[in-house]
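J.: Build me a model from this:
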Amino acid sequence: MSTRPVAPRDAFLDGVWRENPVLVQVLGLCPTLAVTNTVANGIAMGLAVAFVLIASSGMVSLVKRLVPNEVRISAYIMIIATFVSIADMTLQALVPGIHKAMGPFVPLIVVNCIILGRAEAFASRQRVTASVADAAGNSIGFALILMVMSGLREVIGSGTFLGFSVFGPHYEPWVIMILPPGGFFTLGLVLLLVNARQRRRSAAHASATLARKAA
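T.: Residues are numbered from 1 along each chain as shown. Coordinates of the predicted model:
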């Protein structure tokens, strides 16, 4: 990425949609598939990633001129690991049940390619305001996908939403949706719908361009 300054607003919007970490960059798929079997898990993971991503991006941008190029990746990992430890202990203290259900995926945020990727590709080259805006946009974009996937999987796979019954006692849950295959199926469905929408918009734009040229 160029070191040319990026406006915070553009950085934020890119992260939310234009360069969504899951839909466009196809990053962070391990936690996306693993913890979206319930909405509560999706919310907890989204908040944890948001905290780590925003805090680490801001810190990396602050110290980027002080870190020798030869050890920058190691330094970034140490910064990220510090905030991951804070997030892990906070979840364990506040919501121990959800923390236990998420297993090792909270500590594994330290190797989440979204966070290290934004630190290396953006925060280490941009101002603090733009870096924080980029991190916030990517956090929201990631959390939105987690919410969509976890909502679909819990409603269809358990018949509940945040533990509350949606369809009543006679609903027969599709248990496969809360199992690993359900994660792959849901992600594939979301990617299919998004890509179909983008292709329709591209086709409409191309048709409008040809019409203007013909006129």
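J.: Isn't residue 56 up against residue 80?
T.: Yes - counting by Cβ atoms under 8 Å, residue 56 touches residue 80, with 4.7 Å between them. (Glycine included, C-beta is placed from N, CA and C.)
J.: Between these two, which is the more surrounded one?
T.: With neighbours defined as other Cβ atoms under 10 Å, residue 56 and residue 80 compare such that residue 56 has more, 28 against 24.
J.: I'd like the distance between the more buried one and residue 134.
T.: Noted for residue 56: a distance of 12 Å to residue 134, by Cβ to Cβ, to the nearest Å.
J.: shared neighbours of the two, anything?
T.: Shared contacts of residue 56 and residue 134, defined by Cβ atoms under 8 Å, 6 or more residues apart in numbering, comprise residue 123.
J.: Show me whatever sits in contact with both of residue 56 and residue 80.
T.: Common neighbours of residue 56 and residue 80 (Cβ under 8 Å, 6+ apart) are 115, 119.
J.: just for the chain, where's the confidence low?
T.: Applying pLDDT under 70 to the chain flags residues 1-2, 215.
J.: Now do the helices in the chain.
T.: For the chain, the helices defined by DSSP state H cover 8-13, 29-34, 39-63, 72-94, 96-102, 113-118, 128-158, 180-214.
J.: and of those helices, who's closest to residue 23?
T.: helix 180-214 (5.3 Å; Cβ to Cβ).
J.: buried ones in that closest one?
T.: 182-183, 186-187, 190, 194 (16 or more other Cβ atoms under 10 Å).
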